[in-house]
Every structure is written in C-alpha cells, then in structure tokens.
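Novice: got a predicted structure plus its sequence, pasted below:
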Number of protein chains: 4
Amino acid sequence: MSDVKKVVLAYSGGLDTSVIVKWLQETYNCEVVTFTADIGQGEEVEPARTKAQALGVKEIYIEDLREEFVRDYVYPMFRANTIYEGEYLLGTSIARPLIAKRLIEIANETGADAISHGATGKGNDQVRFELGGYALKPGVKVIAPWREWDLTSREKLMAYCEEHKIPVDFSSKKKKSPYSMDANLLHISYEGGILEDPWAEAEDDMWRWSVSPEAAPDQPTYVELTFEKGDIVAIDGEPLKAHEVLEKLNKLGGDNGIGRLDIVENRYVGMKSRGCYETPGGTIMLRAHRAIESLTLDREEAHLKDQLMPKYAEVIYNGYWWSPERRMLQAAIDETQKNVAGVVRMKLYKGNATVVGRKSDESLFDESIATFEDDAGAYNQKDAEGFIKLNALRLRIAAGKGRKQS
Amino acid sequence: MSDVKKVVLAYSGGLDTSVIVKWLQETYNCEVVTFTADIGQGEEVEPARTKAQALGVKEIYIEDLREEFVRDYVYPMFRANTIYEGEYLLGTSIARPLIAKRLIEIANETGADAISHGATGKGNDQVRFELGGYALKPGVKVIAPWREWDLTSREKLMAYCEEHKIPVDFSSKKKKSPYSMDANLLHISYEGGILEDPWAEAEDDMWRWSVSPEAAPDQPTYVELTFEKGDIVAIDGEPLKAHEVLEKLNKLGGDNGIGRLDIVENRYVGMKSRGCYETPGGTIMLRAHRAIESLTLDREEAHLKDQLMPKYAEVIYNGYWWSPERRMLQAAIDETQKNVAGVVRMKLYKGNATVVGRKSDESLFDESIATFEDDAGAYNQKDAEGFIKLNALRLRIAAGKGRKQS
Amino acid sequence: MSDVKKVVLAYSGGLDTSVIVKWLQETYNCEVVTFTADIGQGEEVEPARTKAQALGVKEIYIEDLREEFVRDYVYPMFRANTIYEGEYLLGTSIARPLIAKRLIEIANETGADAISHGATGKGNDQVRFELGGYALKPGVKVIAPWREWDLTSREKLMAYCEEHKIPVDFSSKKKKSPYSMDANLLHISYEGGILEDPWAEAEDDMWRWSVSPEAAPDQPTYVELTFEKGDIVAIDGEPLKAHEVLEKLNKLGGDNGIGRLDIVENRYVGMKSRGCYETPGGTIMLRAHRAIESLTLDREEAHLKDQLMPKYAEVIYNGYWWSPERRMLQAAIDETQKNVAGVVRMKLYKGNATVVGRKSDESLFDESIATFEDDAGAYNQKDAEGFIKLNALRLRIAAGKGRKQS
Amino acid sequence: MSDVKKVVLAYSGGLDTSVIVKWLQETYNCEVVTFTADIGQGEEVEPARTKAQALGVKEIYIEDLREEFVRDYVYPMFRANTIYEGEYLLGTSIARPLIAKRLIEIANETGADAISHGATGKGNDQVRFELGGYALKPGVKVIAPWREWDLTSREKLMAYCEEHKIPVDFSSKKKKSPYSMDANLLHISYEGGILEDPWAEAEDDMWRWSVSPEAAPDQPTYVELTFEKGDIVAIDGEPLKAHEVLEKLNKLGGDNGIGRLDIVENRYVGMKSRGCYETPGGTIMLRAHRAIESLTLDREEAHLKDQLMPKYAEVIYNGYWWSPERRMLQAAIDETQKNVAGVVRMKLYKGNATVVGRKSDESLFDESIATFEDDAGAYNQKDAEGFIKLNALRLRIAAGKGRKQS
C-alpha cells in the first residue's frame, strides 16, 4: 500500500468522508486532496474547507458545478425521456460521471496517482465512480475504503473518530436520519431504515423536498415551459440557465407535492433494493419533454427512441456514462432533437403534473389533415384501402395456407 | 358490388351504424347481420335489437364479451406494462381484435362473405378491424362505408336518414357531444372539437368517467391488489373475475380523479392526432403490475421486457394483434409472468395512484443482502472490486490506447 | 390527368421506359424530361440520348453518378455491416435513394411537377422511388405507369411499340434474358423465369458478373484493404476513390467466384419472392469491414451496432433512406466509425473471401493482456472471481428462493 | 480451505485436469469426484477412468452426452440463427451449460459441496461454468485452481507432476500443439501461439477437422436436409438423431473445406482475443436453417428474430444459458419454429455451402402472387398506391413543414 503518493477524495464534509481522509492518510501514508462540489444538494459546501484543513489537507477543491451538471448531464439524459425500470429518473446515477471526471482532472492537475470515494461495496455508486475513473485515466489507482477497512459499524466509526480526534458533531443533522440519503439538483434519495421492508409505507416525515399532495395548495399552478433542441430554456417566458430551470421546477414541483416515488429497483451488483426518491423538477421536465416531442418528432424516430431508451437508461444506471456505447446512443438521440422546440403548458396540482397544451413552430401536427371535419382533399380516405390490403397481404397468405392464428 | 351476399356489421345501435345498415342493404343489395357487443362501454346493448329489427335485420347478435375482453386481451397486454409513445394505455386498440374475431366467427356461422364497420378512413380502427379480419379469414370482403360513400358531412347523413326513415333521436345523447368518443371497460376516448387545437386545454365537462382531482375526496383510499401470473385476481382479498377487477378499479380510480390523459399521438396512417383518454382502472393496474414485478422479476428479464415493450405496443396499436409477431412477443412476455404473484398496496388520492407497499412469496428481494446493517457475510464487498475491474477493462484498454472519452 | 405539365422520368434507354416516355406524352399530354444515370450498371448511358431525342424529348439528363453512389450511399450502409434477412446485401435498395433525389432535383431545375419510373406495382422499387420523391418534394405528383396502364403483357407492349413506331431492337440483348435484372456498381440481380420455383437451382449461364467457383483460378489471390473511418480508401496500398474501390473489388471477386447468392426474401409489399444476386465486391467489403471493426471497435458499441443493424437494413430495404429514422441510425453508426482504421488482408479463392490478417494503429487488441503466456501482471486473474460472483448474484438469489431453472 | 469435503471436477483426462485432481486433494484435503463427458470432442473418454483411479479417485463419472448436447443445446441455439459478433457460431459457449448442469447434478448425487474446472481466469469458460453452477445450486462452492494456484507456467506444472508422480506422457499428443484447443461435436477451436498476432495468417497444418478448400474435391457434393420445427431430422431422406445429423454434416463439411473461421472476438471479461474455429456441420446448418425459414417464416417474426438474435448470442456467449433472460428469448424463438419444416438442398464445394433449392408444405411463398407473369388478379397493383401514399404521409407532412432531409 506504500505505492500511493497522493489521492483525490470525493469529500462531502460529512462524518464518513472525514474519517476516510484520516484513514487514507494513515493507511496509505499519502497526501489527500479533497474535492467538494455543489451539485445542488442543498447544503453549503464552503464549510468543507475548514473541516478539510482541520484534517491536515493542503489541496482543497471546492466548486460550484450546478450549471455544468444540469447542462451537460441532466439535460442530455432527459432528451431520451430516460427512465430506469419504468419508474426511476436516475437522479443519483447522473451525478456520478461529473464527479468522476473532476476527480480525474484534479488528479491530473495535482499529480495524484489515486482517487477515492465514500461509496460502499454494495451499491451502484462505487461502480459509477470507478468506471468513470478508469475510463478517463486507465492507470489510476482507486481506493474504496468501505471495501477495505474494518470500520463496518457506526460504533467502530465513532471509536475511530474519538481515537483520531475527528469532531463528530459537524454532521449531527444527517446523523439523526435513519435513512441513507443522497441529493443533487435532480433529486434526493432515501434508502435503509424501515424502507428495507418493501411492504412498509414510507413515513411522511421522511420526505424533505416536497409537501405531500394532501398538504399542497388547493389551487392549481399553471406553468409554461419553452424548449429549444430538446432542452428547457425558459419558464413562463423568462430565459434561464439549465440549473436555474431545474431549481425553479424543483420549487414549483415540491410546492405542489410532485415527484415522490417509492420503488424496488435492481442494482447492477445483482441485488434488489428499495428506495424512495423526490424528483419534483425532473418529473415535470419528463412529462413536458414528451409533450413537446409529441408535436415535433417524426413517428418512427420517436418509436426508435423509445426502443433505445431502456438500454440508454441501463448504461447510465450501471455507470457507463464515459463509454463508447453511451456516446453512440447520445449521437442518435441528439440527432432527433434538432427540431424539438416550442412551448408546453402544464398544470401542477397536488401531485399531478399534467400537460394541458403544447404548441410549436416546428409542429408536425397537421390540423387540416387530422380534422374530423371536411379536410378539403388533404387526405384521400381511399388510400387507406391499399394501405391495409398490402399490410394484410402476408397475414392473408399465411391464413390462406392454413396457418393458425392462435 | 353485386357479389356480396351477406355482410356482418359491427353495429353499435347508434346513428352512424344504423345508416350503414341501410346503406349496405341498398348499395350492395345484400343481407346485413348485426353484431353488437357489450365490452363495457357503459351503454345498454339490448336496445340495438329493436333498432336492428326496425332496419329489417334478421340475424342479430348481441353478446356480453366483457369477461373475455379483459381476460384474453387487456390482461395479456398489461403483462407487458404496455404503453404507446410513453403515455397511451391503448384502450381503443385492444378492443378491436376481439370485435374482429367475432365478426369473422359470425360470418362463418351465418355464411356471410363480407364484414363491415363504421370506422373512418383516417383512423387506426379501420386498420385494426380489417387486419384482424383478413388474418382470420383471408378471403373475406371488407366494406368500409366511410371510405366509399358520399355521406361525408353530418348534414348529408341526416338527409339520408330522413330519406330512409331512420329515426335519429335514438342517439340523442351522443349527438350532443362535440367529441368523437369511444368507450370500453378499459377506457373512454375523446377526439375532435376543440381538441383539434393541441394548445387548447380540454374543457372540464368533457370528462365522463372520472371526477377531476380537485373534486375528488380529501381523504385517500387504500387498496390491496393480489396478483397471480401477472394478472390481478383479487381486490382487498376478494377474488374477482378479470372484468370485475377492471370494473371495480374503474370505480375506485374514477372516484379519485385518476387516469385522465391528454396527448398528441402518431397514427399508423401517418398523421398526428390529439386525443384525451380516461383510463382509471388501467392506470392503477399498470402501476401495480410494475410494483409486483419489481419484487418478483429477475433484473435481466425485466430489462428485456422493457426493451421489447415499445415494439409490442406498436404491434397492438397498429392493429397486428392477430399476427405471428404478436404471438412471438406474447410468448416471451408470458414466460416471465409465471412467478409474478403477490400483493401490492396502493394509495389513491386526487389523481395520484401511488404504490406504498408490495409483498410476495415469490419475492427476489433479499433483505439479508440488501441491508445497510451488518449482513453477516451474505454479501462480500470485496467481490465488487473484481466486478468493477473486469467491467472496466475494455474502457481502460481503450483509454490506454489514447481513445478520447468525449 | 390533365394537370401534369412536365414529368421527369427515370429513363434507362431500354424498351420499357421508352414506351413509358411515349405513354406519358400521350396519356398526360405533358412534356417528358429523361434522366439516365451511370451508377455502374455496366451499360453505356450515352446512347440513351439519341433514343430520348427520337422520342421527342427536349430536356435530357445523362449523368455519371458512380462516385456519389458509392461514397454517399454504399459506404455509409456498409459501415453498419448491413444485411437484410441474414443474407441480402441490399444492392438494389441502396441505389434507389440517389435516383429519387436526382429526379426531384431535376424536377426542381426544370420546373416539372411530376416524376415517373418504370417499376411495377408488385415490387419494392416503386416504394423506394416514391417515398424518396415524397420526402424530398412533398407536393410532387408521382406517375407509376405499370400501376395505371393496361400494357400488362409483353405482347401488348410490343403492339404499343409498333403502333407508336418505337424501335424495339435496341433492347434486344435484355429481351432475350428470361430474367428480370437490375444492376449497379454494388450488384446485379435476377428474378423471374425458373427462379419462381424456389426449389429449382439457378442455371449456371444466368450469372453474369462472376465465374463459378469451379471455373475460378486454382491459385488464391491475396489482397490488402486499407480502411479509414470505416471506409475502404486503398487496395494493396493504392489510394482509390470509393467507386474505384468497388470496381476493383468487383473484378477481384468476380474473377474468384465470390458473391453469388440465391435467396427467398420478404418484400415490403407483403409477398415473398425469390432472387439471385451477384455482389462480388460487396461480399469482400462486408467481411473486411467486420474484420477491421473486430480490432478497433469497443465490444459494447459493436454489440449495439449488431442489434440496430436489422432495423437499419429494414429501413433501407423498405425505401426509407430519406427519413428521420435512417438519419438517426446513421448518426449512431457513424459515431462508432471514427477509429475504424487499419488494414485487412484477405484471401480470395473459389467463392471464399477469407480474412487472414488484420492490423491497425487504432487496435484495441492488447496482446500483453490476451496472451496465454505470462502477462507480467497485466491482468489479475483473481478479479474474475468477484466479477463472476456479482454477475451470479441475481441467479443465486433466485435459485435460493426456489426458482426453477428450466 | 478446510470446509470443502467433496468436489466434483470436470475432468478431461489430460495433464492439466490430472494435476488439478491432485492439487485439490492436497490443497483442500477433500475427496475428488471426476466427471468426464463425451460431447463429441473426438477423443476416447474411457481412458479417463484408469487415470482417475491412478490418482485415487473413487467416484468416477464417464458419460456419453452427445445426443443430449446437440438436441437440447445446439439445436435450440441454431433455431435463432445465432452468431456472435457477426461471425462466431458459439461452439465452445454452447457446450458449457450442459457440463455445468451435470457437475451440479453429480454434486447433488454424491453429496459434494463444491465443483471445480480447469478453465483459466482470463477466459469466458470460467464464467460459463460458474454462472451455471451458481444458478443451479446457489450455495455451491466453486474452486477455480487456475485463479488460485501458483502453477502459472508449464515448467511449474511439470515440476508438480514429477513431485506428485503424475504420469505426463498420457497427454503427449495435445502437449505438442502450440495452440490451446477445445473441441466438441459443434466445433474445434484454436487460440494462442502465433494466433496472438492478429496479422499472422494461421498455418495450414493447424486445422484438424477440415481439409483446406484447395485440397477439397473438385466435384461438388449435393445434400438435402429435412427440417421439422426448426431442427434437422433427416439427411438425404434418412432420419437421424440430432447428434448423428451433426456428425454427418461435420464429415460432409470437413471433406469439402467448409467451416473455417479466423476472427478477433470480444471476451466477456473485457479483452479482445484471436481465435480460429472449424465448424463444418454448423456452418451448413446455419445456412440451411435460414433457407427453410425464408420459405416458412412470416416477415415480421423473421425480422424480430433477427433483432433479438445478437442479444441471444451475447447471453449464451457470456454464460447465461441458465438464466431467465435466455428462457424468455427461447420462448419467443421456439414460438416461431412450429411451422419451420421442409427440405433444403445444398451444394458443398471447396469451402462454399450454398443453398440451391428449398421446398416446404408450410411454404408462405405464393408463386401465383409473386409471379412476373399474369397473376390473374391475385394481387391488385393499384393497392400499392395507397400503401405508398400513407406510408409517405408523415414524410410529406414533415417536408411540407420545411424539415430538412439531410
């Protein structure tokens, strides 16, 4: 273990990663560089500086990555209407590639030969961090303390803190929660505690980002979202940057009880786990994006997107953002978004994010053809006969040859 | 046109298909057999008998197909979590294959050489009826009056009625609606009228099967759904037949403002159209089915199902229920449902159908492995290192050879 | 029919399209513009000028499109390793989009309001021409004489020629063949005649572009193909343009009995047909392209390409080159080809096109890792245990819960 | 390591697995049960008995699994026209699930708590054995000596043999080959040696099962293959069992220089490797199966099969035969094979396996429709107009709205 000289750690400023700083220094006898990013988790990142300094860290990176996060990761993912296993909006998954990229870039800047993170050996996040790290710097050494050390219980961690004089109070708020949580601009997640019983209903005071539908206002809120090239660029006519859009939608959604989710999901490491998620803004975005696509996408590209989406979701969930297959899928997805522009009107009300109108200069909806009224010859109904006859031909031949239909 | 001797007509008893009876008799100089089915559209079917008799029809089929409809069509489709274009639950599409099958069976029983229907030349339903007809009886003659006649406006229809003494009052209720509607146990649909402008919000008095979320009760309703082989077999512990399940869920959903949908969709004939749908029971079923699958399906079969689903939805939407590709997909889907059993607990509240618990004797959720607490060696965290290392190998080799990652 | 003023005809100079010129002039009382292209069919195109002039045509387009054809259509298609139904290299399909594009461009240049072609109403080519036409000029009028006229037999055609003084001897060569043939730089096809019986073996004198394997040289020919970005740019070190590559490979393949194919295929219009094809150069190209990809593509992008390929082939076969879904798939495919570069060495011998070596500066083959000899730690075999353990986890949990494995 | 009491070893009788017997006995101080199967590798299996006895083994299983292997593994795989990465017929992959199954069954019979195999830590076979083992007996202990021991060179192995008095001469034949080989009824494979350079052409004396095309007879051999439900059941009219079919086709193919393959492939463990394969019978079978399908499969099920095939191949290649996703895919595939019956006539000549005729009572080829001659109204060419018009509609609308086509 003596061959590691300097390691860049994804440092939250919390208890666990503070222990990791000390443990890395002791175990690997190496220098630790901390990296703390604001990706919208809703906690101050600047306090991490003092804490890192107290632990003897000399190179401290603290960055606001909110805009980059939404613009370059969340937005491209939403262009595909990405959902994992029919329900999950990938809030945790999509934050990891950016962290991995910055860890490697900082390693290159500081001459570090290793990176480290605070993810456990049971979850998906270790995979996402490390696949990203290896893809961007193939010779990097990865240190995953949770897979190595013997601090396997809260008691042992506390004993370690006492022994090494790591102040434990600074994470008092988080400590009290019975849940394992993770947050960024796209979502906040909850695991563990009573959620480990999939039959148990989540307690209402668990949720932090949204009111319950019951507690939401009795009057609906209407909002208009403007899209360009598949991305939201304005809300109610006001131009906003990517992260500002998501911040505003989180507020609107959270206030209206939108975006709570309670699922059992399949982890890449092979087990099922139960998680609860709040994704207020993302839930609105997904619905709105489908609506603007419904006007502006060709049918066949829309269907092909839908067929590719589960694979794309799996690629991101499993941690392969930095992979050729993700780039390949992204190229296909982005090709379709050139004309995905226009305005979607939504009604937000007690948990419901409902599309009530959509319009676009790029609309492929042709009222003169679709109308139930006289279409003045825009569509020749007699064409349908030949269309059906030839589409039926293979079925008729088969039936004529005696093939059974059941 | 003289070569048609007898035609079986899908007869609703309404104005349009009554005109068709007369028009067929006159135009083709043939006998007309009427077929009227109760598939849960919520209207009496027996009155169709008197109306048909008044039109001189001698062979009149009136049937209650509700159980068969849900058991053999709706349920198999829901096993795939089928959604068309991300939103639509295929309520109209799934009713057509059964109608087509009965039309052909009745044609065979009565010695008819043709079938007929009241669908227009612009929509999907003509395709669904006719593909089914041709697949089941390849030599059948199909008569689609809307593609043939010149009764292209309401005025001309009315003039035809007057001329032929067809009483027009019997469909007074329907006539008043500005919308083109279609209903069965799975849903009711609305098209036309102000909906032809995709920016216009549907009027609240359009909706018939559900109250608005605003008007729904202020207290949530909890319900427990029991699954066997992927199908719901009991509600709150009470065993029910397939159609009884859907009837009850429609009531529960409708009362709680659940299942309204407003979309622009891509028709098989090549145009976009705007439709509104109420699918109260189906909306609950879909969520519940995903939840019970989340406990009982293997990850890879679940993901494969998700990848096949858009194709399966397209097959049904386009009218290819009676096709080898549908049977092929169904075989794959049904293979996965053997162990999809257990109970899902849902909360229904003002438009929200939320899963709050799920349990199963067939559960693949392993709490002893998934736990955040001490797992007593059930899972070896060190395994993750090798897992990640080998999954990263191809990425590392590529990066080592200088391949760019963006 | 009086509303057509000028029509651009895809004119081969042969008997059938010469009749069409006259028939269009007479039936539509319109001006005819002829368009004749050299796409490598192996016949002089210049004689078409005199023939067209003799028919009274004033605007005559004769063009050499060989380079554009191979560079912009054949090459992009081969990047996907495209095969239709496991066998067919799409030689006819890929030539149609270019013809359609030029027909429309010429219509725009000459102010024509219609296009016309000599394809029958049973085949795929009518679809390909017309979908292309409509996609590029939505208001264009398409005239497909074979679907309209009553010249449904050779005798009637001949009578028409005599009546209208169209010289019939100029297509004497083609007339003698019992087969319907189509040729371009990628292939020559044969249909009809005894081939209509799928059990009948094609006669050896039918084939025109290749010797039989039996008649091929007893000594193998070796050839080295250089790729850049997925396309062949040199043969045996000599840089060549796209169409020169294909011409040379056709010669090499044909001389060595390579590229004959005899299949039953499914047409888009719903019937099965039997066709024989000679694709000497394409057969070599496909094998070579797979070989260079085997060195230079990442595994997951290669597998994803393979999964998308049948859809891409179907899109092209069915005539949707000029469609958003084709562009979407092309974007994905082309994204993967950036590093597909290197040299493939092939052995051509009596029908066999065998890859015997491949090398590339972009190779992802890592001998130091793959070796059966001592790898000096490049690969840690112990990693495989964790890799297998976690990949097996879901299977073990299922088996532990009593799930059956058969 | 003391907790293993009895281990079942996949024992070839060769040097390596003989060393493993001894090493297991010593290292784990456990009883070893040997299992040797004839799956058509072309070597006597009975001699393994004496060798095992000499090593002190008491429970010795020697079995002829040839029929089961072809009938229950090879045949189902060929129903899907399975090819990995466009070239490889999965000869090694498909033999592993059966071995894994018998290892586990024997473990259950003999009360063993572990299984072991002689595959290295770099290859796919370890994965295939172990995934199968875990899927069938989740608590089984797997011992992979090559990942554990330090006998990492031929010299160390020899020293170990000498020390433990293991006779080394018994594998003299195999030892002389510079290649790592594996054989069963479907194929023989070669890796290592000069093949580790992908540019180096395989030496002609490497190949064991086939003559070179050059050395094959100058006269073609014709053969007729009879299919039922997608499987070959007779050759030239003579009914044969599954393994007899493959034996006979291997002879016919090998004699005619058919089935040699030289590729670079992507292993599941993340590296590329170069392998050469001889699959004489399989190469014929694949072509013939496609040909009988071309007559008897519906177009859409055929295309869907082609889209699923790469995934199915990946599942088998990666070792997931005993998985829900394989069973799901198999259900879809087998559903399509009910009517895949008839006779294919092939010409075998100097490396070429060419289909020259196919016939079937289940044929969907309709000569009366497909004909270039007068079809007596079987097909109405005018139907094509409506078919094309509606298929073009979405493209025309888009073009009419100004969408670009490139």
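Specialist: Thanks, I have the structure now.
Novice: how close does residue A:82 get to residue A:91?
Specialist: Plainly put, residue A:82 is 11 Å away from residue A:91 if you go by Cβ to Cβ, to the nearest Å. Every residue, glycine included, has its C-beta placed from N, CA and C.
Novice: ok, now residue A:263?
Specialist: 12 Å.
Novice: likewise for residue A:109?
Specialist: 29 Å.
Novice: who's more crowded, these two?
Specialist: Using other Cβ atoms under 10 Å in any protein chain shown as the criterion, residue A:109 and residue A:91 rank with residue A:91 on top: 23 against 12.
Novice: what confidence value was assigned to the nearest residue to the more buried one once chain neighbours are set aside?
Specialist: Excluding the flanking residues, the one nearest residue A:91 by Cβ to Cβ, 6 or more residues apart in numbering or on different chains is residue A:187, at 2.8 Å. Listed pLDDT for residue A:187 reads 98.
Novice: who's in contact with residue A:187?
Specialist: Going by Cβ atoms under 8 Å, 6 or more residues apart in numbering or on different chains, residue A:187 touches A:89, A:91, A:92, A:209, A:259, A:277, A:278, A:279, A:282.
Novice: please repeat the previous calculation with a cut-off of 6 Å.
Specialist: A:91, A:277, A:279 (Cβ atoms under 6 Å, 6 or more residues apart in numbering or on different chains).
Novice: ok, the first one - contacts?
Specialist: For residue A:91, the contacting residues are A:186, A:187, A:279, taking Cβ under 6 Å, 6+ apart as the criterion.
Novice: kindly report the same for the last one.
Specialist: Taking Cβ under 6 Å, 6+ apart as the definition of contact, the neighbours of residue A:279 are A:89, A:91, A:187, A:259.
Novice: any idea what the nearest residue to residue A:256 once chain neighbours are set aside is bridged to?
Specialist: Excluding its sequence neighbours, the residue lying closest to residue A:256 (Cβ to Cβ, 6+ apart) is residue A:348, at 4.2 Å. On the basis of DSSP bridges, residue A:348 is bridged to residue A:221, residue A:353.
Novice: test my guess that residue A:348 contacts residue A:222.
Specialist: No - here residue A:348 does not reach residue A:222: they are 7.5 Å apart, not a contact under Cβ atoms under 6 Å.
Novice: what about residue A:332, which SS state?
Specialist: Following DSSP: H, G, I helix; E, B strand; the rest coil, the label given to residue A:332 is helix.
Novice: residues touching it, list them.
Specialist: Residue A:332 is in contact with C:328, C:331, C:332, counting by Cβ under 6 Å, 6+ apart.
Novice: ok, 8 Å please
Specialist: Applying Cβ under 8 Å, 6+ apart, the residues near residue A:332 are A:304, A:305, A:308, C:328, C:329, C:331, C:332, C:335.
Novice: which residue, other than its chain neighbours, is closest to it?
Specialist: residue C:332 (3.9 Å).
Novice: one more: residue A:276?
Specialist: With Cβ to Cβ, 6+ apart, the residue lying closest to residue A:276 is residue A:190, at 4.4 Å.
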